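[1] What shape does this take:
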Amino acid sequence: MTSASAAASTTSTPAVVLTIAGSEATGGAGAQADLKTFQELGVFGIANLTCIVSFDPKDNWNHRFVPIDQQVIADQLEATTAAYGTGSGAVSELGTVKIGMLGSPATIGTVATALTNANFTNVVLDPVLICKGQEPGHALDTDEALKAQILPLATFVTPNHFEAESLSGLKITDVESLKAAAVKIHEISGAAVLAKGGVRISGPDAVDVFFDGTTLEVLSAPKVGDVAVSGAGCSLAAAVTAELAKGATALDAARTAKAFVTAGIKNRVTSGAPFTALWQGGPR
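    Okay, here's the model as predicted:
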């Protein structure tokens, strides 16, 4: 056996994961962050795009949001699930998906239909509820559609401070109220929850709360600065997605994701934008 053949015979096929998310032009968040996270954690990543977001440096770095045509979204999902979907006969079956920014009720409907038809084992929802720069009425309609159509399909949810308040209906001011919100979101959705307090809860540590209906655990790490970092939420949910696809339990996936993001924040990338971006290569 040649050395190349020997190497091939000992190489395992990676788990395959999908992110359904928006493209973020500066590379710090969205599908770009997801794919980099997938690669770092040793899974084969696929991105199906729902929208294109370009920050506008001439308008206080607000979002310029362009939705992708619904048929194009449906075509992407059809191709991906046909190539890798469960029962497709492919070498690597696709059973794990991360849902990021969807951006409109129409897109939410398209994605919900695809999720229902594909029968994924793991559906990780990063519940992006607000796109800065959207019209308030449109944003509210999108939020309500996400809660009604996507949240019930999720098996793991990773809301940030604002999203946890919105989903739970509770005011979050400290770790105890963050715990209560995580429990409430689990009751509503049935999903495992990793509610992120991050830098928004006072104290020396960035605190997140995991709850899956049985285990409640506080995950904490010393804060790295006191300002949120672009891509942290996307990368956390993507790391959970990768770990679940590799067979980790929900709690172990949450622990690994927390450590991954903490290292990425410590090694964050600066630019001409008024925010920094997490670097997925930080753990290395």
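
[2] Can you tell me what sits against stretch 248-259?
    The contact list for stretch 248-259, computed with Cβ atoms under 8 Å, 6 or more residues apart in numbering, reads 156, 192, 194, 208, 210, 212, 215, 217, 219, 221, 235-237, 239-240, 243-244, 283. All C-beta spots, glycine's among them, are computed from the backbone N, C-alpha and C.

[3] In this structure residue 186 contacts residue 180, no?
    No: checked against Cβ atoms under 8 Å, the pair residue 186 and residue 180 is beyond contact range at 10.9 Å.

[4] Tell me which of the two has more neighbours.
    Per other Cβ atoms under 10 Å, whichever of residue 186 and residue 180 has more neighbours is residue 186, with 21 against 18.

[5] sorry, back to before: select only the buried ones of the contacts of stretch 248-259 in PyMOL?
    Selection of buried members from the contacts of stretch 248-259 for PyMOL, criterion 16 or more other Cβ atoms under 10 Å:
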select buried, resi 156+192+194+208+210+212+219+221+235+236+237+239+240+243+244+283
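
[6] can you tell me which of the contacts of stretch 248-259 are in helices?
    Mapping the contacts of stretch 248-259 onto helices (DSSP state H) picks out 235-237, 239-240, 243-244.

[7] Please report how far residue 28 lies from residue 281.
    As for residue 28, its distance to residue 281 is 13 Å (criterion: Cβ to Cβ, to the nearest Å).

[8] neighbour-wise, which of the two wins?
    The neighbour count for residue 28 versus residue 281, taken as other Cβ under 10 Å, is higher for residue 28 (25 against 13).

[9] so what's that one closest to, chain neighbours aside?
    residue 277 (3.1 Å; Cβ to Cβ, 6 or more residues apart in numbering).

[10] and the lengthiest helix in the chain, which residues are buried?
    When the chain is parsed with DSSP H, its longest helix is helix 250-266. Across helix 250-266, burial judged by 16+ other Cβ under 10 Å covers 250-251, 253-258, 260-266.
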